[in-house]
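Student: Have a look; sequence and predicted model below, questions after that.
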Amino acid sequence: MLSVRRCSRTGCTELAVATLTYVYADSTAVVGPLATQAEPHSYDLCTGHAHNLTAPRGWEVVRFEGEFAPPQHTGEDLTALADAVREAGRVDRPVEVVARPGGTGRRGHLRVLPTPDEDSADG
């Protein structure tokens, strides 16, 4: 089952339709369409909070001009998720191993790095 994201504002139980991100270097608050996944430094907002957001004095609010709409999940989304889970769980899935001098190698997305002592001894 796909999760439903709710507004991040305290006490609000409405569905999230927009994402708020702060750009501290530019003193800007950006309110745009709902991000594809929740990020730790962004805030999901409902329609009401997205349209009524104010920023501190001296800050600028940049807001998406269109209508915020809740994400539409299709059968294709669920099928793609199921396919990805099946692929990750295959026992016959090939694992890439690249031999490197000094016995380091790569397996999947993890990489073994040589210690600084091994690195200077090779060079």
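Tutor: Looks like it arrived, so ask away.

Student: ok, the residue lying closest to F68 once chain neighbours are set aside - how many residues close by?
Tutor: If the residues on either side of it in the chain are set aside, F68 comes closest to V17, at 3.9 Å by CB to CB, 6 or more residues apart in numbering. Quick note: C-beta positions are derived from backbone N, CA and C, even for glycine. Neighbour count for V17, taken as other CB atoms under 10 Å: 21.

Student: What residues does V17 make contact with?
Tutor: V17 is in contact with P33, L34, L45, C46, T47, A50, F68, A69, P70, P71, counting by CB atoms under 8 Å, 6 or more residues apart in numbering.

Student: Now, of those, which are buried?
Tutor: L34, L45, C46, T47, A50, F68 (16 or more other CB atoms under 10 Å).

Student: The residue nearest to T28 when sequence neighbours are not counted: neighbouring residues, count only.
Tutor: When the adjacent residues along the chain are set aside, T28 lies closest to E60, with 4.9 Å between them (CB to CB, 6+ apart). A count of neighbours around E60, defined by other CB under 10 Å, yields 11.
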